[in-house]
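> Starting from these lines, generate the structure:
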Amino acid sequence: MTLDRRLNAYRSDLADARLNGRVEAERFVEGDIGEISSPVADLKSAPRHDAGVDHQLLLGDRVRVFERAEGWAWVQSERDGYVGYMADADIGSPGPAPTHVVAVPRSFAYPTDDLKSAPAVPLSMGCAVRVTGHTERRGTGYAALSTGSSMIASHLRPIGEGADDWVSVAELFEGTPYLWGGTSGFGVDCSGLIHLAMRMAGRAVLRDTDMQERSLGDVIDPGHNLGGLRRGDLVFWKGHVAIMTDAANAIHASGQTMLVTREPIAEAVARIMPQYGKPTAFRRP
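Coordinates of the predicted model:
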């Protein structure tokens with residue numbers, strides 16, 4: 001059986017040492033662990049600036065680096081196993097374990113503990129940071145970070161404290177722009193929305209729609225006229241997925257509106273049918 005190249009690092013000239021004996025390659029390497037040092041780092045299909053974005057990794061994520069060449073790195077995400085190319089400049093040396101994660105869709109890191117200070121660095125939900133202390137200015141609490149910058153303390157949550165309801169996390173992104181390959185508060189695609197929302201609830205899931213359709217939860221019968229669906233159920237089409245927010249409505253990163261959109265599931269099914277056909281699966285995570 002051919003291994004999925006999205007989840008297994010192998011080429012004809014180079015491969016992950018853990019795949020030795022399973023694939024053919026001229027050379028096998030263990031790889032080195034690095035840490036994403038940019039707020040959002042694009043994971044691409046090829047080492048070119050004009051190559052498509054397949055996935056995004058966030059500040060503090062760990063990667064295994066198999067190759068560095070001409071400003072690019074060939075890596076595998078330690079969180080979800082996704083393989084691709086990213087700018088070498090987006091990878092730093094791993095430091096101590098992060099202590100907190102950004103728990104709101106978007107926030108900022110400021111040079112000082114003052115919301116008026118500049119320049120502010122935008123951070124996405126899911127970015128991981130190291131908090132070293134706390135201050136207060138004009139009634140606003142700040143978290144001091146190991147980088148010397150500060151964040152609004154209420155925008156952070158300790159690592160390990162997952163959200164109780166991942167669908168509520170997804171709902172926070174309503175109106176967020178659609179971005180192919182996006183998995184951040186600045187832009188998401190349909191499977192990226194599920195990936196990030198479940199991540200914030202402590203669930204590590206695979207990245208792409210077809211992977212999620214095969215692996216998330218159990219197949220369910222949606223019932224007559226989709227009447228058996230409930231909050232949290234997933235509706236899959238070929239290359240697309242939506243999240244039920246209640247028995248009749250769904251939220252998804254929509255290629256029609258180019259936004260994370262909420263709409264009645266019956267309307268979504270009817271609208272999508274002419275181009276992509278009927279839903280391919282219904283699953284309950």
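
> And for the protein, the residue most distant from the center?
Relative to the centre of the chain, and counting by C-alpha atoms, centre = their mean, the farthest-placed residue is residue 138 at 34.5 Å.

> how close does that residue get to residue 116?
10 Å (C-beta to C-beta, to the nearest Å). In this view, the C-beta of every residue, glycine as well, is placed from N, C-alpha and C.

> Residue 242 now?
41 Å.

> and these two? which has more neighbours close in?
A count of neighbours by other C-beta atoms under 10 Å puts residue 242 above the other of residue 242 and residue 116, at 27 against 9.

> residues in contact with that one?
By C-beta atoms under 8 Å, 6 or more residues apart in numbering, the contact set of residue 242 is 190, 234, 235, 250, 251, 252, 265, 268.

> Could you rerun that using 10 Å?
Residues counted as contacts of residue 242 (C-beta atoms under 10 Å, 6 or more residues apart in numbering) are 190, 193-194, 233-236, 249-254, 261-263, 265, 268-269, 272, 279.

> Equivalent analysis for residue 130, please.
When contacts are taken as C-beta under 10 Å, 6+ apart, residue 130 is in contact with 60, 95-100, 143-147, 159.

> Out of those residues, the closest to residue 153 would be?
residue 143 (4.4 Å; C-beta to C-beta).

> And the closest one, how close does it get to residue 137?
12 Å.

> now residue 108
Distance from residue 108 to residue 137, by C-beta to C-beta: 15 Å.

> Also residue 268?
46 Å.

> Between those two, tell me which one has more neighbours.
Neighbours were counted for residue 268 and for residue 137 using other C-beta under 10 Å; residue 268 has more, 22 against 13.

> wait, is that one part of a helix?
Yes. When DSSP: H, G, I helix; E, B strand; the rest coil is applied, residue 268 is found to be in a helix.

> any shared contact partners between residue 143 and residue 137?
Between them, residue 143 and residue 137 share the contacting residues 113, 150, judged by C-beta under 10 Å, 6+ apart.

> Can you name the residues in contact with stretch 141-150?
With C-beta under 10 Å, 6+ apart, stretch 141-150 has contacts from 37, 95-96, 98-100, 108-115, 117, 120-121, 123, 129-137, 151-156.

> Residue 210 contacts residue 190, doesn't it?
No. Proximity of residue 210 to residue 190 does not meet the contact threshold set by C-beta atoms under 10 Å, at 11.8 Å.
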